[in-house]
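[1] any chance you can model this:
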Amino acid sequence: MATTESDLQYDPYDFTIDANPYPVWRRLREEAPLYHNAEYDFWAVSRFEDVEKGLVDWRSYSSAKGTLLELIKADVDVPKGSMIFEDPPDHEMYRGLLSRVFTPRKMNAIEPKVRAFCARSLDPLVEEGRFDFIADLGAQMPMRTIGMLLGIPEQDQEAIRDRIDDGLRLEEGSMEAAASRYEEAVDHQSAFADYIAWRADNPSDDLMTDLLYAEFEDDTGTTRRLTQTEVLSFVGLLAAAGNETTTRLIGWTGKVLAEHPDQRRELAADRSLVPQAIEELLRFESPSPVQARLVTHDVELHGQTVPEGSVMLMLNGSGNRDDRKFPDGDSFDIHRKIDHHLAFGYGIHFCLGAALARLEGRVALDEVLQRFPDWEVDWDNAEQARTSTVRGWERLPVTTG
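    Now for the predicted structure:
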């Protein structure tokens, strides 16, 4: 069934709901598996099976107009090369190229450097009795890691990260003027243009060089290299994705394990459990919990017709709590058996950076537990971040035992 009844409201821009969307999402799954919001005129699916099928079916649910509700509504002309905002064949062409230079094997090879970034952040704090999971770790290590991979000078990484964060932040609990925000995001990408131009003449062992010099066959059958404009789109995407979602994962790690001290102590005693704990954290608090798609033709769902041209929200964060897939889905359990979740999406747009995010999350938790087996959140000074793309923490200070 579908519903627009006033007693069940899901507003993705409502900060009160965003603080804890799970009760609303549970009601959606049970009462309105196909939901329509009249104010913003979008539809939403919330059950695991529906979200998974929707993410796979790119012919019915297109990414070509963006993956944010406000971006699709603004009808912005997305330039070629924005891979996450494309459908096949362009998506396959660009993804195939990027997957050649952004491999799980290459990501795993950097683990010693990721550990060194964590140590550099955490070692000075051991005697302090407190630290911030975001300011001292989550905003530092992912930035250093993706900056190193791309070849961005260390002295410039923090300023670039701050520009990305500013471009994502919501100031009020309402739909933003997406067209102007998108233009700002494109402008933020221009910060990489000088690095790319310099690297084109000075190749090195980094992803920027790999992208500049990789050859591929484009949609006309021509074998060529990426233009610097296309490289700019890729570098901007990797910098933003490599910073933001992993930062949120690290914040949720601090928050959730503070609320489950018995499981945290078990992890501290047996750190071989850490990889599985990261999978459960990704399921339990998905950093990117909502994906928007444009409906390309009339779709029949739960006895209702979703018209062509509608916006469909795929609530993957809700699907990851669906009891039909994960028994007692609202509970956190580091021993839960997970064949797959939807935190990284599914289908052709499955996150290419999943291996890197898992690596960073695992190493961060391992290094924190090595130094701080116990912590409690300083709630008086914690602050949740407000963006339309990811969910997590702006500040998460903790006291350490």
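[2] now Glu394: which helix or strand?
    strand 393-395 (DSSP states H and E).
[3] residues in contact with whichever helix or strand comes after that strand?
    Sequence order places strand 397-400 as the next helix or strand after strand 393-395, per DSSP H and E. Strand 397-400 has contacts (C-beta atoms under 8 Å, 6 or more residues apart in numbering) with 128-133, 135, 254, 258, 372, 374-378, 381-382. In short, each C-beta sits where N, CA and C put it, glycine included.
[4] parallel or antiparallel, list what pairs with the strand holding Glu394.
    Each strand paired with strand 393-395, and its direction, by DSSP bridges: strand 383-384 (antiparallel).
[5] what mean pLDDT does the strand it pairs with have?
    For strand 383-384, mean pLDDT is 95.
[6] show me how far that strand is from its chain's centre.
    17 Å (C-alpha atoms, centre = their mean, to the nearest Å).
[7] show residues contacting it.
    Asp18, Ala19, Gly392, Trp393, Glu394, Arg395.
[8] for those, pick the one with the most neighbours.
    Gly392 (26 neighbours; other C-beta atoms under 10 Å).
[9] now that one, nearest residue through space, not along the chain?
    Nearest residue to Gly392, sequence neighbours excluded (C-beta to C-beta, 6 or more residues apart in numbering): Arg248, at 2.9 Å.
[10] can you pull the buried residues of the helix or strand hosting that neighbour?
    Secondary structure assignment for Arg248, by DSSP H and E: helix 228-259. For helix 228-259, burial by neighbour count (16 or more other C-beta atoms under 10 Å) applies to 228, 230-258.
[11] where does the prediction get shaky in the stretch 251-400 of the chain?
    388 (pLDDT under 70).
[12] switch the cut-off to 90
    351-353, 355, 386-390 (pLDDT under 90).
[13] one step back: list buried residues within the contacts of strand 397-400.
    Phe131, Asp132, Phe133, Gly254, Ala258, Phe372, Trp375, Val377, Ala382.
[14] quick one, grab the pLDDT at the second one.
    pLDDT, the model's per-residue confidence, is 97 for Asp132.
[15] would you mind measuring from the residue nearest to it when sequence neighbours are not counted to Trp379?
    Nearest residue to Asp132 in three dimensions, chain neighbours excluded: Pro397, at 4.5 Å (C-beta to C-beta, 6+ apart). Pro397 is 9 Å from Trp379, where distance means C-beta to C-beta, to the nearest Å.
[16] who has more neighbours out of these two?
    Set side by side, Pro397 and Trp379 show more neighbours around Pro397, with 21 against 10, by other C-beta under 10 Å.
[17] that older thread, in strands, which of the buried ones among the contacts of strand 397-400 fall?
    Of the buried ones among the contacts of strand 397-400, the ones assigned to strands by DSSP state E are Phe131, Asp132, Trp375, Val377.
[18] would you agree the second one is in contact with Arg395?
    Translated: Asp132. Yes - look at Asp132 against Arg395 with C-beta atoms under 8 Å: they come within range, at 6.0 Å.
[19] quick one: the strands in the stretch 101-250 of the chain?
    130-132, 215-217, 223-225 (DSSP state E, counting those that start in this stretch).
[20] out of those strands, flag the one nearest Val295.
    strand 215-217 (30.9 Å; C-beta to C-beta).
[21] sorry, back to before: from the buried ones among the contacts of strand 397-400, which single one is nearest His341?
    Using C-beta to C-beta, these come closest to His341 at Gly254, 20.1 Å.
[22] got a list of what the closest residue to that closest one other than its chain neighbours touches?
    Leaving aside its sequence neighbours, Gly254 sits nearest to Phe133 (C-beta to C-beta, 6+ apart; 3.5 Å). When contacts are counted by C-beta under 8 Å, 6+ apart, Phe133 touches Ile250, Gly251, Thr253, Gly254, Lys255, Trp393, Leu396, Pro397, Val398.
[23] these: which two are farthest apart?
    Thr253 and Pro397 (14.4 Å).
[24] neighbours of Leu207, just the number please.
    Should you count by other C-beta under 10 Å, Leu207 turns out to have 21 residues around it.
[25] next one: Met148
    Met148, neighbours per other C-beta under 10 Å, totals 17.
[26] now swap in Tyr61 and tell me
    Neighbours of Tyr61 under the rule other C-beta under 10 Å: 25.
[27] what's the pLDDT at it?
    Tyr61 is assigned 98 on the pLDDT scale.
[28] partner residues bridging the nearest residue to it once chain neighbours are set aside?
    Spatial nearest neighbour of Tyr61, chain neighbours left out: Arg293 (3.5 Å); criterion: C-beta to C-beta, 6+ apart. In this entry, Arg293 is beta-bridged to Met312, by DSSP bridges.
[29] list the contacts for the residue nearest to Gly392?
    Counted by C-beta under 8 Å, 6+ apart, Arg248 has contacts Gly138, Pro287, Ser288, Ala385, Val390, Arg391, Gly392, Trp393.
[30] okay if I get the contacts of Phe133 as CSV plus distance to Pro104?
    Output for the contacts of Phe133, formatted as CSV (distance: C-beta to C-beta, whole Å):
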residue, distance to Pro104
Ile250, 20
Gly251, 24
Thr253, 21
Gly254, 26
Lys255, 28
Trp393, 27
Leu396, 29
Pro397, 33
Val398, 31
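[31] and these, which is closest to Glu39?
    Using C-beta to C-beta, these come closest to Glu39 at Trp393, 27.6 Å.
[32] may I have the beta-bridge partners of that closest one?
    According to DSSP bridges, the residues that bridge with Trp393 are Gln384.
[33] just checking, Ala258 touches Trp375?
    Yes - using C-beta under 8 Å, Ala258 makes contact with Trp375 at a distance of 5.9 Å.
[34] what would the strands of the stretch 101-250 of the chain look like in TSV with distance to Arg115?
    Output for the strands of the stretch 101-250 of the chain, formatted as TSV (distance: least, C-beta to C-beta, whole Å):
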stretch	distance to Arg115
strand 130-132	17
strand 215-217	34
strand 223-225	34
